[in-house]
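# take a look and give me a structure for this.
(2 chains, ligands or ions: 2)
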Amino acid sequence: MATTDQEVNELIKREYEHGFVTDIESDTFEPGLNEDVIARLSGIKKEPEWMLEWRLKAYRRWLEMDEPDWAHVGYPKIDYNSISYYSAPKRKEDMPQSLDEVDPELLKTYEKLGIPLHEREKLAGVAVDAVFDSVSVATTFKEPLAKAGVIFCSISEAIQDYPELVKKYLGSVVPAGDNFFAGLNSAVFSDGTFVYVPKGVRCPMELSTYFRINAANTGQFERTLIIAEDSSYVSYLEGCTAPMRDENQLHAAVVELVALDDAQIKYSTVQNWYPGDEEGKGGIFNFVTKRGAAIGKNSKISWTQVETGSAVTWKYPSCILRGENSVGEFYSVALTNNYQQADTGTKMIHLGKNTSSTIISKGISAGKSSNAYRGLVKFGPGAEGARNFTQCDSLLIGDRCGAHTFPYIESKNKSAIVEHEATTSKVSDEQMFLCRQRGIDPEQAVSMIVNGFCKEVFKELPMEFAVEAGKLLEVSLEGSVG
Amino acid sequence: MLSIKNLHASVEGKEILKGINLEIKAGEVHAIMGPNGSGKSTLSQVLAGNEAFEVTEGEITLNGENLLELETEERAREGIFLAFQYPVEIPGVSNLQFLRTAVNAMRQHKGQDEMNAAEFMKLAKEISKQVDLDPAFLKRGVNEGFSGGEKKRNEIMQALLLQPKLAILDETDSGLDIDALKVVSDGVNALRAEDRAILMVTHYQRLLNHIVPDYVHVLAGGKIIKSGGRELALELEERGYGWLGIKDEETADSSVN
Ligand SMILES: Nc1ncnc2c1ncn2[C@@H]1O[C@H](COP(=O)(O)OP(=O)(O)OP(=O)(O)O)[C@@H](O)[C@H]1O
Ligand SMILES: [Mg+2]
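Ligands and ions are numbered 1, 2, ... in the order given. Now for the predicted structure:
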């Protein structure tokens, strides 16, 4: 590989001579993907040699992989060479200087979501005094976290500061060769979050990307790694509540969770990437691999997701239940409207004895959208006494949308118990009439009925998130009645 | 208050109401009786603005305002309330949340402040006691798993909360045991007021012992074929519908021929 490296270095230099990262324009890479681009990316991030090697290995692997086509979604073929793989956070001068310069539509959405003013500025990318903001964040949150020994930083920082932990766990749950999009992410991930909770520590606060000032501008290829040592607990919230205005943008994130003996990780997502317009133009392709390994005995991983955004969603937060008595949970609300498509669900892989899992999935389709639940419950030969409970409910709004359920069960252990329940219902004219007869607006009525349908999942969300999720449904359902 | 003139309405191309005329003044209680399928519920639904029914002719005004131009929710905010014959369930939506949303929609319309959760809870508890519903019902999903009688009491509770101008009660008395009938009737009587009108659909004259109407109308084949006072109900009970020239089981459907 020596020659390749050398060639790569040559290329880096050559690009640099062309004025890379000198002016504002070149904060963004030219579209295209090759080993040179990856090396440049790694170079800018001042990554150690092993990290670059890791990325390149992933890239070579990815070149040999095929894009999956089994999901119940359709989208134009993505040209991976037409994408830019690095875009540094814009400089202050390029950003809107005040909320007056921000798209009023966007602001209206924030207002409806009840996002506080200073958060709105951040989300809209207004150049508020970012330094001040991150300092205040740092002082408010870094101190109690540091006291508890919790590491909470960007993955880029972690690669520099905690290389042993990163080396040990990165790719241990989602290997680069796992699937096409995970492979791509492994090669080009731009940033993400790293969390480490030491033995016996209960993380003193909910960790959230919301608090991290750079979160709004992190790229489309995030990488998150959360490690919970023995008997620790952490709850992590991922809020992508800002509708992005971009055209068909690819978002391929990888999230890896590792729970050791008696550890618990609770991971909550509220996803509202830009879904495209009413005609189905634009929107994010959200192709995400999220997986948790419940390695330790009595460990627990629980995923809660509220997915309302994106043009196409392809996402299966999963649990590998390796430890004896380990528990996996998946609570999901996926809402599609207009031309949105979602193929989402989970995989519960039972390997250890007496492992148990619960799946509660609520799919809501409106407009001309398509919403599929895809779930795999698998019991390995060692999964003595393992159990799964699955409940999949679909709610249809109008009669031009579709709901599909694809539950798969594979069992290599006779003692395993599976319970499966599925329902499909409609927001009926009678329900709508009742609400309206009591003076309630049709849109508010739909959102109230949908919220009722999602209640079992919302109660799993942290309080503030549950409120936000409810409001988000209301915003996302706009135009679904009448 | 309410004026209905030559009202024709159809559902799925079939004419059900064939020229209804009715005047109701503030403070009055009108009872509508009539054989099954004669169009009583259809009339109630049309008044409330159910879009499943098409008004093909005639007019409806509420205090001079053309109701037919208003959407269902706008009519509701103008004070039209319908207690359903078959209240529908809304799973997962708590009765309390539903009722508060409704009350606040009305308040907003009137330019009043919204009621917060605590204020509303207090009010709702009081009223639920008035209709003899355990306040625990407030926490349950709207009509979810309610018994027939509980659903009807829940409807009356809503009328008491929303304080409408015109309350239309579609067979709120059917399926009730004797005690519940008393409770519901007391609720309806509590609604009686100078500035409010009540239109109740019923099959049983026994309800009219509890809630004494000012007028009784007989609806058959999509038309009001007879109107009278309280005594008309007694006469109907004694003689059935036959003496009015219609068969007991005659419906809107068969009268088409
Ligand atoms: N949605 C509908 N589709 C088709 N026919 C309907 C519909 N709704 C009502 N009808 C018909 O209209 C006629 C009148 O029905 P309506 O419910 O108004 O009768 P009703 O007087 O309330 O009867 P009951 O005493 O049994 O409650 C019936 O023949 C009924 O089948
Ligand atoms: Mg009826």
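# how about low-confidence regions in the stretch 251-400 of chain A?
A:273-277, A:280-282, A:310 (pLDDT under 70).
# now the strands for it?
A:254-259, A:264-271, A:284-294, A:300-307, A:312-315, A:318-321, A:327-336, A:341-350, A:356-365, A:370-379, A:387-396 (DSSP state E, counting those that start in this stretch).
# in TSV: these, plus mean neighbour count.
(Each C-beta comes from the backbone N, C-alpha and C, glycine too.) Shown next, in TSV, are the strands of the stretch 251-400 of chain A (neighbours: other C-beta atoms under 10 Å in any protein chain shown):
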stretch	mean neighbour count
strand A:254-259	27
strand A:264-271	23
strand A:284-294	26
strand A:300-307	27
strand A:312-315	26
strand A:318-321	28
strand A:327-336	26
strand A:341-350	26
strand A:356-365	24
strand A:370-379	23
strand A:387-396	21
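# between those strands, which one is nearest to ligand 2?
strand A:387-396 (28.1 Å; C-beta to the ion).
# quick one: contacts of the closest one?
Contact partners of strand A:387-396, identified using C-beta atoms under 8 Å, 6 or more residues apart in numbering or on different chains, comprise A:348, A:350, A:355-366, A:371, A:373, A:375, A:377, A:403, A:405, A:407, A:416-427, A:450, A:453.
# just those residues that are near chain B?
A:F453 (C-beta under 8 Å from any C-beta of the partner chain).
# which ones, among the contacts of strand A:387-396, also lie beside ligand 1?
When the contacts of strand A:387-396 are checked against ligand 1 using C-beta under 6 Å from any ligand atom, none falls in range.
# burial count for A:G309?
Counted with other C-beta atoms under 10 Å in any protein chain shown, residues neighbouring A:G309 total 28.
# please disregard the earlier target; I meant B:S147.
10.
# go on, A:W70?
Applying other C-beta under 10 Å, we find 8 residues neighbouring A:W70.
# also B:A136?
So B:A136, with other C-beta under 10 Å, has 9 neighbours.
# and it, which of the three is it?
When classified by DSSP: H, G, I helix; E, B strand; the rest coil, B:A136 comes out as helix.
# circling back to that earlier point, let me have the strands of the stretch 251-400 of chain A in CSV, adding distance to A:N185 as columns.
As requested, the strands of the stretch 251-400 of chain A are exported to CSV (distance: least, C-beta to C-beta, whole Å):
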stretch, distance to A:N185
strand A:254-259, 4
strand A:264-271, 16
strand A:284-294, 7
strand A:300-307, 18
strand A:312-315, 13
strand A:318-321, 16
strand A:327-336, 21
strand A:341-350, 18
strand A:356-365, 24
strand A:370-379, 20
strand A:387-396, 28
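# want to throw the ones you listed into TSV with distance to ligand 2?
Below are the strands of the stretch 251-400 of chain A laid out as TSV (distance: least, C-beta to the ion, whole Å):
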stretch	distance to ligand 2
strand A:254-259	55
strand A:264-271	45
strand A:284-294	49
strand A:300-307	41
strand A:312-315	45
strand A:318-321	52
strand A:327-336	36
strand A:341-350	41
strand A:356-365	33
strand A:370-379	37
strand A:387-396	28
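# which helix or which strand is home to the residue in chain A that chain B sits nearest to?
Taking C-beta to the nearest C-beta, chain B has its nearest neighbour within chain A at A:G452, 3.0 Å off. A:G452 belongs to helix A:442-453 when assigned by DSSP states H and E.
# starting at the chain centroid, how far to that helix?
When distances are taken as C-alpha atoms, centre = their mean, to the nearest Å, helix A:442-453 is centred 25 Å away from the chain's centroid.
# and what of stretch B:75-82?
Centroid separation for stretch B:75-82 versus its chain: 11 Å, with C-alpha atoms, centre = their mean.
# run through who's touching it.
Contacts for stretch B:75-82 (C-beta under 8 Å, 6+ apart): A:436-439, B:44-45, B:47-49, B:62, B:65, B:67, B:70, B:105-106, B:109, B:158-159, B:162, B:164-168, B:170.
# taking the residues you listed one by one, which sit in strands?
B:62, B:65, B:166-168, B:170 (DSSP state E).
# output the set of residues of the stretch 301-450 of chain A in proximity to chain B.
The stretch 301-450 of chain A has residues A:428-431, A:433-442, A:444, A:448-449 near chain B, with proximity defined as C-beta under 8 Å from any C-beta.
# of these, just the buried ones, PyMOL syntax please.
The following PyMOL line selects those of these that are buried, judged by 16 or more other C-beta atoms under 10 Å in any protein chain shown:
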select buried, chain A and resi 430+431+433+434+435+436+437+438+439+440+441+442+444+448+449
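# which ones, among the residues of the stretch 301-450 of chain A next to chain B, also lie beside ligand 1?
Checked against ligand 1 using C-beta under 6 Å from any ligand atom, those give no members in range.
# where are the low-confidence patches of chain B?
Within chain B, the segments meeting pLDDT under 70 span B:246-257.
# could you pull out the strands in it for me?
Using DSSP E, strands in chain B cover B:2-11, B:14-24, B:29-33, B:54-62, B:65-66, B:80-83, B:90-94, B:141-142, B:166-170, B:197-201, B:215-220, B:223-228.
# which positions in chain B make contact with ligand 1?
So chain B meets ligand 1 at B:11-12, B:16, B:34, B:36-42, B:52, B:85, B:251-253 (C-beta under 6 Å from any ligand atom).
# ok, the one residue in chain A that gets nearest to ligand 1 to A:N325 distance?
Nearest residue of chain A to ligand 1 (C-beta to the nearest ligand atom) works out as A:D429 at 9.6 Å. As for A:D429, its distance to A:N325 is 48 Å (criterion: C-beta to C-beta, to the nearest Å).
# now the helices for the stretch 101-250 of chain B?
B:117-130, B:148-162, B:178-191, B:207-210, B:230-239 (DSSP state H, counting those that start in this stretch).
# the ones you listed: which one's closest to A:V234?
Comparing the helices of the stretch 101-250 of chain B against A:V234 with C-beta to C-beta, the closest turns out to be helix B:117-130 (31.6 Å).
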